[in-house]
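Chemist: Build me a model from this:
(one chain, ligands or ions: 2)
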Amino acid sequence: MKPAYIRVIIDRAIHRELDYLVPDSLAERISVGSRVRVPFRDKSALATVVATLEQSEAEGIRPIEAVVGEAPVISEPLLELAKWMSAYYCCPLETVMRSLLPQVIRRAEIGWKKQLFVQPSHKIDKSEPDWQKEIEKLRKRAPRQAELLEAISQLKTPIPAATLLRKVSLDNQTLRALVKRGLAELREEAVERDPHADEQFVATTNLEMNAEQVIALSKIEEALASPENARPILLHGVTGSGKTEIYLQGIRAALERGRSAIVLVPEISLTPQTVERFKGRFAEAQDAVAVLHSHLSEGERHDEWHKIHSGRAQIVIGARSAVFAPLKNLGLIIVDEEHETTYKQEEAPRYHARDVAVVRAKIEKCAVVLGSATPSLESYHNATTGKYQLATLTQRVDEQQMPLMRIVDLRQERRKQKAAAILSEKLSQAIADRLEKREQTILFLNRRGFSTSLLCSNCGEARNCPNCSVALTFHRHMARLSCHLCGHTAAVPKKCPACGRDALIYAGFGTEKVESTVAQFFPKATVRRMDADSMTRKQAYRDTLLSFRAGKIDILVGTQMIAKGLHFPNVTLVGIINADLALHLPDFRAGERTFQLLTQVAGRAGRGETPGEVFVQTYTPFSPSIQFARHHDFAGYFQQELEFRERCDFPPFKHAILITVRSAHEGRAKLSAETLVRRLKENLGTEFILGDATPAPLEKLQGQFRFHILLRGEAIMRLSRLVRETLDKLPFPEDVTVTVDVDPYQLL
Ligand code: ADP
Ligand code: ZN
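Modeler: Ligands and ions are numbered 1, 2, ... in the order given. Here you go, the predicted structure:
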């Protein structure tokens, strides 16, 4: 049936659905999910069709102007997902749409890359000798045209004009002249921009799996067979236990049922090696695997998206937003490293891709697998309550022992050295031992820079960022102070600007200092640093990894960049310079993050023949997350952490919503936050826990004063709705911004 009216949401934020009339001439081309251009106020705007209607009650209804693009861009299940996200994450639908559809698709301005193809003219029906005659005729008057015509007359199929011209070293003008004479034809054709076009992938086949892998895979196969009542599968397997092999065979099983699959990996793990493992396994079909990541050009993104939308690609591998890949007949979604906080988007819509994956799977009736060596507390809790099913891999495939974890008490080191230790005696001995044996070491510190603050030993003033309430970090390579939050940089003062005395001292240390200390300690060793400062170019990252793999680097110092998913068989020692950094953040997940970090970093040690050793330097050797990580005791850790969360009404027992109110004007931010708390109190009832408006731990960021309001409760959909209703009714001063974060991960 042809729609008479449609309901749309407009790309601009107006929080409302609008009805439009569909002219008969356009009706055939419109359905739910189409993109249209509509008149809006006195302009025109782009919009997405969310419903087709026979009637509309709306007044002053106007006809749409045009249909944008060919097929509907968004399927009904994805539209349902968008509506769920809008309600759950307390966020307007049009904002959700912005994440769901890449801009290049929403705007439909960039199309296929068009190329001119050339071929002999079809209008002239000539045999071989006739072409020769034409060529001879030209030879005298226009020898270059003759030469080009000769090349063109030999073409069996059209080829890109540019390619041909390059081959014969002739120019466009010559070609145009031939076209004008009616001897050659030009035709525009769409070509695909494939970022992996010139790479070859070695085909691989299924490995024979061990008993634990077989059980895990059979759970996926069951879920594929009866997706209506399948529960999400949490695959808990230590690093190197063969999770990826299970993903690969799970995808194969989905394809055999004629269904497609999405693999989500953290952006940092989306390396050429990862892509190669998937492309290699499904190498029989050239286009089967599409890759979505943030480094694609707009044109490449357009082409990958259409490759998926048209059904040519059946497997999508990508970071967070690949959860919205427009695959049809979705059979399986895999979320690797499901505990990774980078799955949470920190701007609106503030969604968590793992949770969105679980909901999409439910809507599309497909299987979903969440994999991790250190599952999030939320997912593990869901597995213990039976909401998810649990599959466990306890052994490394190579039957390698878990590395030995040694805790170094920095309090004792301090007594010995009278200064904060960077390298304890034990750790430096262990490094020396590895250098001797020609084995490699990774040193990990989650903090960039040389010194983390510049203090005055006379008056005690620290050099703080003028825009943010944090100390400036000293970076030696640029010999300046820099703010890690807003990027502000400043020269290093000679004297204390507060008291005028020449008494400035550097305190605290980052990766840069670790690098130089280690280099001083071990002058013969090759030391490299890998963090956001030293790896500003993508190539630098690759080069460093390659030389490390090739054994040209003895000691690699770095931030979380080196903590995740990298495989180096010759690394037998990992040193965690300071395990306490995360523990002291005002964040209820601090313990969980420390536990995960220690476990993940430890997974880097001893992947080859030699077992690994991990040194954990800490001032709090008895904190539970350090002790449980040391004994590789997941169950014990989860148990005690869950008890803590339950006692304090934190996730996974209660959902949280964090509201941030900010303004360049401190008083107005505070007042607005307090007013908001009062209104929330009136509207929420007693079912929910409502905190006071408090200055955020990070009071000032980029020149804005920030206040927090934390809400908690079980019925998150209801809580979200009540928050939205309260906010909609409350007028805030123009310079006050309010953001709502459901299931927040950033509590600073
Ligand atoms: P994870 O994803 O859990 O870290 P991987 O799937 O990457 O583990 O497996 C680690 C290594 O073991 C890989 O080199 C992989 O090819 C290999 N592997 C996985 N499963 C098997 C198996 N059943 N038999 C032999 N090798 C395997
Ligand atoms: Zn700053």
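
Chemist: do you know how far the residue nearest to Lys437 when sequence neighbours are not counted is from Ala71?
Modeler: The shortest distance from Lys437 to any residue other than its chain neighbours is 7.9 Å, reached at Thr572 (CB to CB, 6 or more residues apart in numbering). C-beta here means a position set from N, CA and C on the backbone, and glycine is covered the same way. Distance, Thr572 to Ala71, using CB to CB, to the nearest Å: 55 Å.

Chemist: Between those two, point out the one with more neighbours.
Modeler: Between Thr572 and Ala71, counting by other CB atoms under 10 Å, Thr572 is the more crowded of the two (24 against 12).

Chemist: which residues of the stretch 201-350 of the chain fall in strands?
Modeler: In the stretch 201-350 of the chain, the segments counted as strands under DSSP state E, counting those that start in this stretch are 233-237, 260-264, 289-292, 315-318, 330-336.

Chemist: Could you export those strands as a markdown table, including distance to ligand 1?
Modeler: What follows is the strands of the stretch 201-350 of the chain, written out as a markdown table (distance: least, CB to the nearest ligand atom, whole Å):
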| stretch | distance to ligand 1 |
| --- | --- |
| strand 233-237 | 5 |
| strand 260-264 | 12 |
| strand 289-292 | 17 |
| strand 315-318 | 14 |
| strand 330-336 | 8 |
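
Chemist: Quickly, which of the ones you listed bottoms out on average pLDDT?
Modeler: Of all the strands of the stretch 201-350 of the chain, strand 289-292 carries the lowest average pLDDT, namely a mean of 92.

Chemist: Could you export that strand as PDB, keeping only the C-alpha atoms?
Modeler: Once non-C-alpha atoms are left out, strand 289-292 reads as follows in PDB (Å, rounded to 0.1, in the frame of the first residue of the first chain):
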ATOM      1  CA  VAL A 289      34.300  -9.100   5.800                       C
ATOM      2  CA  ALA A 290      33.700  -5.400   6.200                       C
ATOM      3  CA  VAL A 291      35.800  -3.400   8.600                       C
ATOM      4  CA  LEU A 292      34.500  -0.300  10.300                       C
END
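
Chemist: now it: how far from the chain's centre is it?
Modeler: The offset between the C-alpha centroid of strand 289-292 and the centroid of the whole chain comes to 14 Å, using CA atoms, centre = their mean, to the nearest Å.

Chemist: same deal with stretch 27-45?
Modeler: Per CA atoms, centre = their mean, the displacement of stretch 27-45 from the mean C-alpha position of its chain is 31 Å.

Chemist: Name the residue of the stretch 251-400 of the chain that lies nearest to ligand 2.
Modeler: With CB to the ion as the measure, Glu346 is the residue of the stretch 251-400 of the chain nearest to ligand 2, at 16.8 Å.

Chemist: which residue packs closest to that residue, ignoring adjacent ones?
Modeler: Gln746 (6.1 Å).

Chemist: does the one you found really touch Thr342, like I thought?
Modeler: No: with contacts counted by CB atoms under 8 Å, Gln746 stays clear of Thr342, the gap being 11.6 Å.

Chemist: I'd like to know how many residues surround the residue nearest to Thr342 when sequence neighbours are not counted.
Modeler: Spatial nearest neighbour of Thr342, chain neighbours left out: Pro266 (5.0 Å); criterion: CB to CB, 6+ apart. Residues contacting Pro266 under the criterion other CB under 10 Å number 20.

Chemist: Check Pro266 and give its pLDDT.
Modeler: Model confidence at Pro266, given as pLDDT, is 92.
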